[in-house]
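Engineer: What follows is a predicted protein model with its sequence.
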Amino acid sequence: MQIIECGHSPAVRRFRQVLITAMAVAGALATMKLIQLATIPVYSFTLPVDQAIPFLPATILIYLAFFPYLLLAAWHADPDQFKNYLCACSLAFVVAAGIFIILPASMNRPDPSLITNELLRQHITRLYGVDSGQCTFPSLHIAMTIMAMRVFGRRRPLALMLGIFIGISTMIVKQHVLLDVVGGALLAFAVCVVQARLPRVRAAVLPPSGELAPARARSPRQSEIADE
């Protein structure tokens, strides 16, 4: 009878990856909340074009799909992909957190009480209550979504389309403005470039693992002892 080690099964590995991602997202949200409490918004990156972008409360469902989207990417990733995915998201968050502190920004959002649909009004009110509208530039929503899209790759067009819709929803739910989205995309691009070049830097700085470290020259005293 064949015995299957559950600890090494793909399902268990995928579940661990999802759990790690969920914990990382929770930690990031808590950190952002602390930054919001510790900083006073000074800047606004709103442009005239942002006024032309419609406010569509119903797209909050697409906006909130961001969180299961990250977890789904973690489930889909193989071990190497997951390491790159987690490292990329972590680096993007650290850089964005620094920008949130140096350039504390916020945006004006519509009054939820003007929404006629009661259910949507409740959800938007709750969203705006949890997220105070600070830490907007660059958009981590966009940066993390792009990282997840890299995991899915071109072979899963539906997942890629959902990622695009999530990115668009950040503007039509009025959680971000256009420059926030551009900043998040540039942040993701910069992280991807760093990840792509990092192995080359390691190869140039560190010797191959198969090479032995050069032997140190022996002192005259050590040579005399060896000859004896």
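Structural biologist: Received the coordinates, thanks. Residues are numbered from 1 along each chain as shown.
Engineer: Residue 13 contacts residue 78, doesn't it?
Structural biologist: No. Between residue 13 and residue 78 there is no contact under Cβ atoms under 8 Å: 9.0 Å. From N, CA and C alone the C-beta is placed, and that goes for glycine too.
Engineer: ok, these two, which is more surrounded?
Structural biologist: residue 13 (16 against 12; other Cβ atoms under 10 Å).
Engineer: helices or strands next to the helix or strand containing that one in the packing?
Structural biologist: Residue 13 is part of helix 10-38 when elements are defined by DSSP states H and E. Here helix 10-38 touches helix 66-76, helix 79-102, going by 3 or more Cβ pairs under 8 Å, 6 or more residues apart in numbering; DSSP states H and E.
Engineer: Mind listing what's buried along the first one?
Structural biologist: Within helix 66-76, the residues that count as buried by 16 or more other Cβ atoms under 10 Å are 66, 69, 70, 71, 72, 73, 74, 75, 76.
Engineer: ditto for the longest one
Structural biologist: When burial is assessed from 16+ other Cβ under 10 Å, helix 79-102 yields the following buried residues: 81-82, 84-86, 88-89, 91-93, 95-97, 100.
Engineer: List the residues that contact residue 135.
Structural biologist: Residue 135 makes contacts with 32, 35, 36, 96, 100, 104, 105, as judged by Cβ atoms under 8 Å, 6 or more residues apart in numbering.
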